[in-house]
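Undergrad: Model the structure of this input:
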Amino acid sequence: QWLRHAAVPAFDGADIVAIAAGPAGVLAIGRTNGRSSIWFSRDGVQWQAEQMGPTFPGSRLTDVAADAGGWLVSGGLRAAPLADVVPAVWYSGDGHAWSRAKMQLSSQAQGRAQGSVFRIGVGANGLVAVGDAVSGDGYGSGIAFEWISSKGTVWSLVTPSELFPGASITSDGVHIVARAWIYRDRLAFATSQDGRSWQTMSNDGSIEHMPTWGVSGFVVVTGDLVVVVADTQPPSGSTVWIGDASGG
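TA: As a prediction, the model looks like this:
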């Protein structure tokens, strides 16, 4: 049963892009009047806008995830008006005080002004962040970047990455599932618990109508179940696919 609450004053002029529940409450990220914003709530009803402080100058936030230690926020950071955008992750134990994580950067990213981290996954044995970069004018082929971390404070670059530019991930604190690559014009998914090693989810049965690029969303639910909602050609509409993230 759902109950709509009255308008939240803290969200006036806000565009919320992601939300996550953590050990001490709920955290939302987005933008307010063109500026990056973070909101915190202990119960999901009463919200307050956090003071961004000097840790987030020129930032654009893309995702938020929670683990036992607190929250992680990803995005891109432009340290100066004419500087390149660089991938960035921030971490906090309480959702109020934030620090910027140390990110290992690749020489391939130099001169590619659109680089950022856009998804964070939490696995049983580690954390993974994925992002990409394109040429300074926003065009050209992208380069995929993948980082791994044990606690979220220091991130190491994975080279080469098995993921493609624009790959998306989701997680449940145990399994990390990636919309990984295209195989024979059909979308493939891969699973990992640490971001280091990935196992492609095999196909059982007909793949005639297997999802392609038209994936609306996918999520890991309790246990090893992966639910994928995919758009197909009319008149079929959207379809639902079920996967096993355990690899069994």
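Undergrad: Give me the neighbour count for the nearest residue to His5 once chain neighbours are set aside.
TA: Leaving aside its chain neighbours, His5 sits nearest to Val45 (5.9 Å; criterion: C-beta to C-beta, 6 or more residues apart in numbering). The way it works is simple: take the backbone N, C-alpha and C, and place the C-beta from them, glycine included. When neighbours are counted by other C-beta atoms under 10 Å, Val45 registers 11.
Undergrad: Then the one 4 residues further on?
TA: In terms of burial, Ala49 registers 17 neighbours under the definition other C-beta under 10 Å.
Undergrad: Verify the stated contact: it with Arg31.
TA: No: using C-beta atoms under 8 Å, Ala49 makes no contact with Arg31, being 11.7 Å away.
Undergrad: list the residues that contact both of these two?
TA: Ser37 (C-beta atoms under 8 Å, 6 or more residues apart in numbering).
Undergrad: From Thr200, how far off is Gln104?
TA: Distance, Gln104 to Thr200, using C-beta to C-beta, to the nearest Å: 26 Å.
Undergrad: hang on, I meant Ala21
TA: 30 Å.
Undergrad: How about Leu105?
TA: Distance, Leu105 to Thr200, using C-beta to C-beta: 28 Å.
Undergrad: cool, and Asp132?
TA: 20 Å.
Undergrad: of those two, who's got more company?
TA: Using other C-beta under 10 Å, the more surrounded residue of Asp132 and Thr200 is Asp132, with 24 against 15.
Undergrad: Can you verify that one is assigned to a strand?
TA: Yes: assessed by DSSP: H, G, I helix; E, B strand; the rest coil, Asp132 belongs to a strand.
Undergrad: Test my guess that it contacts Phe145.
TA: Yes: between Asp132 and Phe145 there is a contact at 6.1 Å, judged by C-beta under 8 Å.
Undergrad: residue contacts, the closest residue to Ile120 other than its chain neighbours?
TA: Of all residues not flanking Ile120 in the chain, Ala65 sits nearest, at 4.2 Å (C-beta to C-beta, 6+ apart). Counting by C-beta under 8 Å, 6+ apart, Ala65 makes contact with Ala20, Trp71, Leu72, Ser74, Ile120, Gly121, Val122, Leu127, Ser171.
Undergrad: 10 Å instead?
TA: Applying C-beta atoms under 10 Å, 6 or more residues apart in numbering to Ala65 gives the contacts 18, 20, 22, 27, 71-74, 89, 119-122, 127-129, 152, 169-171, 173.
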